[in-house]
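Q: take a look and give me a structure for this.
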Amino acid sequence: MKHLDLSTKEGRKAHRHELRMIAVRPRRWGLWLLTAGFLLLLTPSALDVHSLFGLWPPMLGTLCIILGVALLGASVVLKRRYMRQRMAGQAMVGRIKG
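A: Have a look, this model is predicted:
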């Protein structure tokens with residue numbers, strides 16, 4: 001983790017990019033699962049489909065939504081943990097410099 005200079009435009013851009021890249025996969029999978037879950041919940045009424053591979057679509061949709069919310073929660077925890085470690089490191093550098 002290098003320490004970025006937030007007083008320059010390039011430093012702020014690099015900082016924003018670094019923050020966006022934290023926990024990308026759990027966030028992306030969580031959003032995909034939420035979308036799939038809501039579509040599965042709407043499937044029986046919209047398309048008159050009452051069985052997918054022998055399973056009930058609203059049950060599959062509910063499972064997808066639960067897993068999606070769990071992944072989004074995990075991405076929030078990962079991002080907070082990263083930021084806490086990052087801020088602790090910057091505070092240490094500030095103490096060392098003076």
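Q: what bits of the chain have low per-residue confidence?
A: Flagging of the chain using pLDDT under 70 yields the residue ranges 1-4, 45-47, 50-53, 90-98.
Q: select the longest helix from it.
A: Taking DSSP state H as the assignment, the helix of the chain that covers the most residues is helix 57-97.
Q: could I get the contacting residues of the residue nearest to the spatial centre of the chain?
A: What sits nearest the mean C-alpha location of the chain, by C-alpha atoms, centre = their mean, is Arg27, with 2.3 Å. By C-beta atoms under 8 Å, 6 or more residues apart in numbering, the contact set of Arg27 is Leu71, Leu72, Ser75. C-betas here are computed from N, CA, C, even on glycine.
Q: give me that answer again for 10 Å
A: With contact taken as C-beta atoms under 10 Å, 6 or more residues apart in numbering, Arg27 is in contact with Arg20, Leu71, Leu72, Ala74, Ser75, Val76, Leu78, Lys79.
Q: who are the packing partners of the longest helix of the chain?
A: Packing contacts for helix 57-97, counted by 3 or more C-beta pairs under 10 Å, 6 or more residues apart in numbering; DSSP states H and E, involve helix 9-20, helix 24-47.
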